[in-house]
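Enquirer: need a 3D model of the following:
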Amino acid sequence: MPILNRASELQSEATEWRHHLHANPEILYDVENTAAFVEARLRDFGVDEIVTGLGRTGVVGIIKGAGGEGRTIGLRADMDALPLDEISGKPWASTIAGRMHACGHDGHTAMLLGAAKYLAETRNFSGRVAVVFQPAEEGGRGALAMVEDGMMDRFGIEEIYGMHNMPGMPVGTFAIRKGGIMAAPDKFSFKITGRGGHAAEPHHAIDTIVIGSQIVGALQTIASRNANPLRSVVVSVTQFHAGTTHNIIPEEAFISGTVRSLDEQVRDLAERRIGELAAGIAAAHGAVVEFDYERACPVTVNHPAETDYAAKAAIDIVGADNVDTEVDPTMAGEDFAFMLQARPGAYILIGNGQTPGLHNPAYDFNDEALAAGISYWVRLAEQRLQR
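Expert: Next up, the predicted model:
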């Protein structure tokens with residue numbers, strides 16, 4: 001079964017939806033206009049049941065198959081944008097300063113809307129399809145908010161599936177793997193308090209810049225000397241703030257960064273060692289450190305059977321040569337992990353072509369990927385809910 005003819009026909013309309021969403025990005029949970037747009041389209045399609053306000057601003061549509069009663073599966077797309085100024089120069093570029101769809105959630109929403117329209121037209125399945133439109137994927141745990149709002153039990157969702165575009169993968173290709181496919185994206189920060197003083201008299205001060213620099217260097221040993229080299233972890237310091245001028249040793253320094261891991265034991269190790277290294281180095285110099293570690297979301301773990309189902313649907317659409325079933329995991333994070341903790345399911349990557357990378361101000365979702373994404377969702381739903 002190649003890309004559906006109807007999906008190709010829907011590509012033009014889905015492109016219009018995508019461009020509208022791209023030009024009008026919204027952040028985190030504040031996606032009221034996007035959610036209203038989704039709701040209106042679902043009503044136009046004749047979706048049987050539409051519920052809004054799940055997880056604050058999420059939307060779920062229920063489409064009943066013509067084959068009668070049966071199971072319910074969920075298909076999820078994210079709706080929120082990023083706090084970034086766009087430089088793509090596209091005619092549909094963001095019209096709102098400081099906001100842009102730099103991760104392709106506009107494309108994800110358009111693909112799932114296209115699938116919803118097709119499934120509502122044909123209803124060639126038994127049971128029900130829940131199309132799930134989620135807010136606040138970008139750091140807001142919107143997936144967890146929808147789960148905690150009772151989404152899975154309310155609609156009887158037994159399996160849940162997600163999809164994300166991937167720059168660098170050719171359009172018309174998919175990639176997936178069993179087990180961890182996306183990392184747990186944690187955050188850490190320190191406040192180091194020493195003793196300020198004159199830069200010409202460092203012996204009277206406790207230099208927080210020297211201490212902070214030693215901590216930054218020591219953190220690099222977590223991956224190279226503490227963690228099993230066969231179990232990946234990334235520890236990156238991304239902020240270091242201290243001092244106000246050239247001749248004052250600052251009293252305080254602030255450091256923050258991120259930890260990415262694909263294993264809960266490695267995650268625990270990283271958190272413990274970061275705290276131990278910082279405290280030990282600070283104490284050796286007579287300083288005090290306040291340490292904070294925030295776990296954003298878990299590792300995104302694909303369930304084995306559901307991964308096979310997802311791969312089969314993709315292969316039916318684009319052929320086995322265009323589906324990588326053992327793709328390397330990425331150290332980026334994804335809050336869809338919370339949904340996969342609540343129900344079995346799988347998360348697949350779809351090719352976006354040779355575009356700028358995700359979270360890049362020049363990025364834009366590739367409209368040529370829409371038909372393949374719509375076809376994948378339809379094929380997966382019809383396979384999992386065969387009449």
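Enquirer: residues in contact with the helix or strand of the chain with the lowest mean pLDDT?
Expert: Least confident helix or strand, the chain: helix 5-23 with a mean of 91, by mean pLDDT, DSSP states H and E. Helix 5-23 is contacted from outside by 34, 37, 41, 79, 90-95, 100-101, 106-107, 109-111, 113-114, 117-118, 121-122, 364-365, 367, 370-372, 374-375, 378, using C-beta atoms under 8 Å, 6 or more residues apart in numbering. Quick note: C-beta positions are derived from backbone N, CA and C, even for glycine.
Enquirer: need the buried ones from those selected in ChimeraX.
Expert: Here is the ChimeraX command that selects the buried residues among those (16 or more other C-beta atoms under 10 Å):
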select :34,37,41,79,92,93,94,100,101,106,107,109,110,111,113,114,117,118,364,365,367,370,371,372,374,375,378
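Enquirer: quick check: buried residues in stretch 60-80?
Expert: Counting neighbours by 16+ other C-beta under 10 Å, stretch 60-80 gives 60-65, 70-80 as buried.
Enquirer: for that stretch, how far is the first residue from the last?
Expert: This stretch, stretch 60-80, spans 15 Å end to end (C-alpha to C-alpha, to the nearest Å).
Enquirer: toward the C-terminus from the longest helix seen in the chain, list the very next helix or strand.
Expert: The helix of greatest length in the chain, counted in residues with DSSP state H as the criterion, is given as helix 264-284. Under the assignment DSSP states H and E, the closest C-terminal helix or strand after helix 264-284 is strand 288-294.
Enquirer: roughly how far is that following strand from the heart of the chain?
Expert: Distance, stretch centre to chain centre, for strand 288-294: 26 Å (C-alpha atoms, centre = their mean, to the nearest Å).
Enquirer: that one vs helix 264-284, what angle?
Expert: For strand 288-294 and helix 264-284, the angle between their directions (axes from the mean of the first three to the mean of the last three C-alpha atoms, to 10 degrees) works out to 160 degrees.
Enquirer: elements contacting strand 288-294?
Expert: When contacts are defined as 3 or more C-beta pairs under 8 Å, 6 or more residues apart in numbering; DSSP states H and E, strand 288-294 packs onto strand 179-193, helix 264-284.
Enquirer: hmm, who's touching the last one?
Expert: Which is helix 264-284. So helix 264-284 is contacted by 184, 186, 188, 190, 192, 211, 214-215, 218-219, 221-222, 226-228, 231-233, 235, 259, 261, 288-289, 291, 293, 295, 298-299 (C-beta under 8 Å, 6+ apart).
Enquirer: domain-wise, how is the protein divided?
Expert: Listed domain ranges for the chain are 5-178+303-384, 187-294 (source: automatic domain parsing).
Enquirer: circling back: among the contacts of helix 264-284, name the buried ones.
Expert: If we count by 16+ other C-beta under 10 Å, the contacts of helix 264-284 have these buried: 184, 186, 188, 190, 192, 211, 214-215, 218-219, 222, 226-227, 232-233, 235, 259, 261, 289, 291, 298-299.
Enquirer: ramachandran angles for the residue nearest the centre of the chain?
Expert: Residue closest to the average C-alpha location in the chain (C-alpha atoms, centre = their mean): residue 334, at 3.2 Å. Note on residue 334: backbone dihedrals following degrees, to the nearest 10 are phi -160, psi 120.
Enquirer: my guess is it contacts residue 300. True?
Expert: Yes. Look at residue 334 against residue 300 with C-beta atoms under 8 Å: they come within range, at 4.7 Å.
Enquirer: intersection of neighbour lists for those two?
Expert: By C-beta under 8 Å, 6+ apart, residue 334 and residue 300 have these common neighbours: 182, 347.
Enquirer: quick one: the helices in the stretch 1-150 of the chain?
Expert: Secondary structure of the stretch 1-150 of the chain (DSSP state H, counting those that start in this stretch): helices at 5-23, 32-45, 105-122, 142-148.
Enquirer: who's in contact with the second one?
Expert: With contacts defined as C-beta under 8 Å, 6+ apart, helix 32-45 is touched by 17, 20-21, 24, 26, 50, 52, 57-59, 61, 79-80, 109, 113, 116-117, 120-121, 131, 133, 135.
Enquirer: and it, average pLDDT?
Expert: Taken as a whole, helix 32-45 carries a mean pLDDT of 98.
Enquirer: again with stretch 52-69
Expert: Stretch 52-69 carries an average pLDDT of 96.
Enquirer: what of stretch 255-267?
Expert: Computed over stretch 255-267, the mean pLDDT rounds to 95.
Enquirer: wait, what's in contact with residue 62?
Expert: Under the criterion of C-beta under 8 Å, 6+ apart, the neighbours of residue 62 are 47-51, 72, 128-130, 155.
Enquirer: and it, how close does it get to residue 35?
Expert: In this structure, residue 62 and residue 35 are 16 Å apart, going by C-beta to C-beta, to the nearest Å.
Enquirer: and the closest residue to residue 354 other than its chain neighbours, how many neighbours does it have?
Expert: When the adjacent residues along the chain are set aside, residue 354 lies closest to residue 168, with 6.9 Å between them (C-beta to C-beta, 6 or more residues apart in numbering). Close neighbours of residue 168, defined as other C-beta atoms under 10 Å, add up to 11.
Enquirer: hang on, residue 168 in a helix?
Expert: No. In this structure, residue 168 is coil, not part of a helix, as judged by DSSP: H, G, I helix; E, B strand; the rest coil.
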